[in-house]
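> Need coordinates for the below:
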Amino acid sequence: MSEYLLDKHHEPESPQKSPKFSRPRLTRAQMYLIGGGVLALGLLISFIILIRGMPDLTELENVNPAQVTRIYSADGKVIHELFKLNRIWIPYDSIPEHVIQAALATEDREFFDHWGVNLKRVPRAMLVNLLSLRFKQGFSTITMQVARNLYVRKIGFDKSIFRKLREIFTAIQIERTYSKKEILEMYLNLAFFGRSAYGIESAAQRYFNKSARDLTVEEGAFLIGLLKGPGDYSPTRHPERALRRRNLVMHNMLVCNYLDRATYDSLKQLPIAVTRYTGRSSVAPYFTEYVRQKLNALQDSLGVNIYEDGLKVYTTLNTVYQAAMDSAIARQMPAIQEKVTQHLLKWKEENHVPDSVFAEKSQVQIAMVALDHRTGHILGMVGGRDFEKSKFNRAVQARRQPGSTFKAFLYTAAIDNGYTPVDRLLNQPIVINQPDGTRWTPENFERKYGGLTTLRTALAKSINLIAARLILEVGPQQVVEYARRLGIKSPLRPYPSLAMGSSDVTLLEMVSAFGVFANQGIRVEPVAITRIEDRNGNVIYRKRPHRTEALSRATAYIITTMLEDVVNRGTGGSIRWRFNWYVPAAGKTGTTNDYSDAWFIGFTPYVTAGVWVGLDDHSLKLGRIGTGSRAALPFWADFMKTVYDSLKIPPEEFKQPPDVVRLDVCEESGKIATNFCPVVIHNEVFNIKYRPKETCDLHPGINTRRKRKSVTF
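Numbers count the residues shown, from 1 in each chain. Okay, the predicted model is just below:
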């Protein structure tokens, strides 16, 4: 072993050394290539980030900013506005020249000389920002501001180089797409002026209660001054600052030779006289809310957004009619409210009701609707005492029992099926078993009874017992069918008590149904919106009257004459003797048994109108004043008299159709009267099909003659 170790020929092999790891050296070309790739990748990523926030060409060519939808009355007045952004777009030619000059002098004096970016201002702004280490000075042009206002969500809110680059590139594209005038138009219509006003037109209305076209030089300068910061230069919070800013704008105009020295010196002395803005109050808040709901239902089918698309909505509302409603309520309500309050004091004391609760619970509510029955146009609408306190529209949303106003439909069913106004029924108590097993015992309002009474007199005096007997003969189901034909859509129970209006209905339904009588049997669906235009004036919706023949002209006319008697000698007589209004009119009072609801629905050849008066809490009653003649009729009479006087509508009789004849008939027999009939009804109207053909045989000779009494209609 030792020999082996000492043998020089057998020296142990040294372990093999592993070679060192060799790193290839990059050539300069390779380094440039890699660096260029990284830079290119960075630029690509930056470019992707940049363009992802920029509008595409289609968006640039189709500017579609949110605008106000305006609702107009039939006489062309703006009665309400719907918007998310309060912007009313006006064309360049409607903007005063001095407003444009103020904008150019203050915001971008070289506007007409650049292509979206003012390169002269960039180096100075960059130097100031670098020295201050923040974005202290901008170099935005009017076009760049348009880009930001149009695409603020895409371009971004942050103060970053990416946002500024997006503005620049978008501004360049805008300059390539639009003329300078179009850019100025966009600028002044897009800008925010404070007070929730977007655009110069809305700003003029909010600050000065006028259109932009009527702005004076100092008013226009003030508005342009707001663009730097509406909150910072608010005339109410910072009046001195606002004044200095306005005068600076006018000084800029002086420097640019838009104003001369004398004009500038004169105008800068003027105070800023802005109007106090309290918000636009709707002329007819319940009606405009009704219209808004209709628009909301239409917008999907029309493919529009009612809050952003700048629509023009033309409605049927007549401001004269609406004002007449409002004034009637103001005049008539205090007396009625006082009596109802007195009536409810006992309830308040017995139930220890707090004053605040009592004030709310005891407030008498009212609903009114007026229709042009020839077109179905809703001319006026009131849905309650105070829209701000309660937006619940009692004219269209509340269903209440109509009381005796529903008798008009019962008598219509009878007349249309062969009954005549001189047919007589017994005015005596009756007990009726109803389908639900209850027993109905109707009573006359004054608890008085009588003998045989004509249908004409029974309707005029609203005799309940005659109506109860009549519905048993006609049939409750047939009354329901006629009510449906006239336009009543609410659920109706075919019970005998329906004769006295035991099923709940809406006021609009009732007014529309009574309009059929006034319109010679033709029913026209109520209409609130006549047409809608888009922001470019294209008609996208038009509502034409939908007419159906609900009744024969003869039946409609006969019922009309019977309802005229309600006004002339029946429960609606105070229209004549209290209000001294003698225009031909017809109508019907309505009172529920417990004085919860008071109604009056009436019409002339020109207009049909209805009134409901009651309390929101069904458990509370109006008291003895809560009859149709005392609580509802005064509003109707006041309203109609005001409308006729304001519009100078000439009185006109209801037109008698050719298939109606007038005859003198014996009250007792209902046949053609002779000289020997003791009580003769003169000039009574009959459907020619159902007229009496026989002469009275109850009074054939002189031996039966008594003292003659004549009744003329």
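
> going forward, measure contacts and count neighbours with C-alpha atoms only.
Fine.

> Residue ranges in the stretch 251-400 of the chain under the pLDDT threshold?
Applying pLDDT under 70 to the stretch 251-400 of the chain flags the ranges 277-281.

> need the strands for it, in chain order.
312-315, 365-372, 377-382 (DSSP state E, counting those that start in this stretch).

> Now find how far off-centre the first one is within its chain.
Put plainly, it is strand 312-315. Its chain's C-alpha centre and that of strand 312-315 lie 10 Å apart, by CA atoms, centre = their mean, to the nearest Å.

> Partner strands of it and their direction?
Neighbouring strands of strand 312-315 in its sheet, by DSSP bridges, are strand 69-72 (parallel), strand 529-533 (antiparallel).

> After the last one, which helix or strand is next? Please name it.
For strand 529-533, the succeeding helix or strand toward the C-terminus, using DSSP states H and E, is strand 539-542.

> cool, the shortest one as well?
Counting by DSSP H and E, the next helix or strand C-terminal to strand 69-72 is strand 78-82.

> Can you report how many residues lie near R493?
Residues lying near R493 (other CA atoms under 10 Å) number 15.

> Now do the helices in the stretch 201-350 of the chain.
Assigned by DSSP state H, counting those that start in this stretch, the helices in the stretch 201-350 of the chain fall at 217-226, 239-255, 261-267, 285-302, 319-351.

> cool, the stretch 501-650 of the chain as well?
507-518, 553-569, 574-577, 633-647.

> residues contacting D664?
Neighbouring residues of D664 by CA atoms under 8 Å, 6 or more residues apart in numbering: I672, A673, V680, I681, H682, N683, E684.

> which SS class is the third one?
Three-state assignment for V680 (DSSP: H, G, I helix; E, B strand; the rest coil): strand.

> H377 contacts P526, correct?
Yes - counting by CA atoms under 8 Å, H377 touches P526, with 5.9 Å between them.

> Overlap of the contact sets of these two?
Jointly contacting H377 and P526 under the rule CA under 8 Å, 6+ apart are L371.

> Return the most buried member of the helices of the stretch 501-650 of the chain.
Most buried of those, by mean neighbour count (mean count of other CA atoms under 10 Å): helix 507-518, with a mean of 28.

> mean confidence for it?
Averaged across helix 507-518, the pLDDT comes to 99.

> which residues touch A242?
By CA under 8 Å, 6+ apart, the contact set of A242 is F222, G225, L226, D232, Y233, S234, P235.

> okay but the third one is in contact with F193, surely?
Yes - look at L226 against F193 with CA under 8 Å: they come within range, at 5.8 Å.

> Comparing those two, which residue is more hemmed in?
For L226 versus F193, the count of surrounding residues by other CA under 10 Å is larger for F193: 26 against 21.

> correct me, but the more buried one touches F222?
No - contact criterion CA under 8 Å: F193 and F222 do not qualify, at 10.2 Å.

> what would the strands of the stretch 251-400 of the chain look like in CSV with mean neighbour count and distance to Y541?
Below are the strands of the stretch 251-400 of the chain laid out as CSV (neighbours: other CA atoms under 10 Å; distance: least, CA to CA, whole Å):
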stretch, mean neighbour count, distance to Y541
strand 312-315, 24, 9
strand 365-372, 27, 21
strand 377-382, 26, 16
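
> Nearest to V567 among these would be which one?
Closest approach to V567 among those (CA to CA): strand 365-372, 18.1 Å.

> got the CA positions of the closest one in PDB?
Provided in PDB are the C-alpha atoms of strand 365-372 (Å, rounded to 0.1, in the frame of the first residue of the first chain):
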ATOM      1  CA  GLN A 365    -109.000  68.400   0.500                       C
ATOM      2  CA  ILE A 366    -110.200  69.100  -3.000                       C
ATOM      3  CA  ALA A 367    -109.800  67.800  -6.500                       C
ATOM      4  CA  MET A 368    -110.900  69.500  -9.700                       C
ATOM      5  CA  VAL A 369    -110.800  68.600 -13.400                       C
ATOM      6  CA  ALA A 370    -111.900  70.400 -16.500                       C
ATOM      7  CA  LEU A 371    -112.200  68.800 -19.900                       C
ATOM      8  CA  ASP A 372    -112.900  69.900 -23.400                       C
END
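
> so who does R691 touch?
By CA under 8 Å, 6+ apart, R691 lies in contact with T420, V661.

> State the distance from it to A197.
In this view, R691 and A197 are 69 Å apart by CA to CA, to the nearest Å.

> same check, this time on T674
79 Å.

> now swap in D594 and tell me
Distance, D594 to A197, using CA to CA: 52 Å.

> Apart from its chain neighbours, what residue comes closest to the residue most central in space within the chain?
Geometric centre of the chain, nearest residue: T288, 1.4 Å, by CA atoms, centre = their mean. Spatial nearest neighbour of T288, chain neighbours left out: H80 (6.6 Å); criterion: CA to CA, 6 or more residues apart in numbering.

> Quick check: the one you found touching R70?
Yes - between H80 and R70 there is a contact under CA under 8 Å: 6.1 Å.

> okay if I get the strands of the stretch 251-400 of the chain as a markdown table plus distance to F112?
As requested, these are exported to a markdown table (distance: least, CA to CA, whole Å):
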| stretch | distance to F112 |
| --- | --- |
| strand 312-315 | 34 |
| strand 365-372 | 56 |
| strand 377-382 | 51 |
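
> Now which of the contacts of D664 would you call buried?
Among the contacts of D664, those scoring as buried are I672, A673, V680, I681, H682, E684 (criterion: 16 or more other CA atoms under 10 Å).

> pretty sure A554 is touching V660, no?
Yes - taking CA under 8 Å as the definition, A554 is a contact partner of V660 at 5.7 Å.

> Please compute how far whatever helix or strand R176 lives in lies from its chain's middle.
Assigned by DSSP H and E, R176 belongs to helix 161-177. Taking CA atoms, centre = their mean, one finds the center of helix 161-177 at 41 Å from the center of the full chain.

> Name the residues of that helix that come out as buried.
Along helix 161-177, these residues count as buried under the neighbour rule (16+ other CA under 10 Å): 162-164, 166-175.

> and that helix, average pLDDT?
The average pLDDT for helix 161-177 rounds to 79.

> next SSE after that helix?
As assigned by DSSP H and E, the chain's next helix or strand after helix 161-177 is helix 180-190.

> Could you list the low-confidence segments of this structure?
Confidence mapping of the chain against pLDDT under 70 gives the ranges 1-26, 30-32, 34-61, 121-139, 151-163, 277-281, 702-713.

> Could you list the domains of it?
What automatic domain parsing lists as the domains of the chain is 52-64+87-267, 65-86+283-389+521-546+578-657, 660-712.
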